[in-house]
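> Need a 3D model of the following:
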Amino acid sequence: MKYVCDLCGFIYDEAKEGPMPDDYVCPLCGADKTHFEKDEG
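From the prediction side, this is the model:
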């Protein structure tokens, strides 16, 4: 599953990085996990 930051567009790929930790923050903009949406496309 991939997740996209709704603030900056950064993509988190669980296939490469494993499950997203609860305390994850976006490395580009610093947004917390609540700003990531499932990438449906």
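
> and the gap between residue 1 and residue 30?
22 Å (CB to CB, to the nearest Å). Any C-beta I mention is one placed from the backbone N, CA and C, and that applies to glycine too.

> can you check residue 16 too?
21 Å.

> Equivalent analysis for residue 20, please.
15 Å.

> who does the helix or strand harbouring residue 3 touch, helix- and strand-wise?
For residue 3, the element it lies in under DSSP states H and E is strand 2-5. Applying 3 or more CB pairs under 8 Å, 6 or more residues apart in numbering; DSSP states H and E, we find strand 2-5 packed against strand 11-13, helix 14-17, strand 36-38.

> These into CSV, with extra columns for mean neighbour count, distance to residue 26 and mean pLDDT?
Shown next, in CSV, are these (neighbours: other CB atoms under 10 Å; distance: least, CB to CB, whole Å; pLDDT from 0 to 100):
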stretch, mean neighbour count, distance to residue 26, mean pLDDT
strand 11-13, 14, 8, 98
helix 14-17, 9, 13, 98
strand 36-38, 13, 8, 98
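
> Need the ones you listed in JSON lines (columns: distance to residue 5).
Output for the helices and strands packed on strand 2-5, formatted as JSON lines (distance: least, CB to CB, whole Å):
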{"stretch": "strand 11-13", "distance to residue 5": "8"}
{"stretch": "helix 14-17", "distance to residue 5": "14"}
{"stretch": "strand 36-38", "distance to residue 5": "6"}
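
> hang on, the earlier thing: got the contact list for the strand holding residue 3?
The contact list for strand 2-5 (CB atoms under 8 Å, 6 or more residues apart in numbering) reads 10-15, 20, 26, 28-29, 31, 35-39.

> Can you point out the buried residues in it?
3-5 (16 or more other CB atoms under 10 Å).

> Thanks again, I'm all set now.
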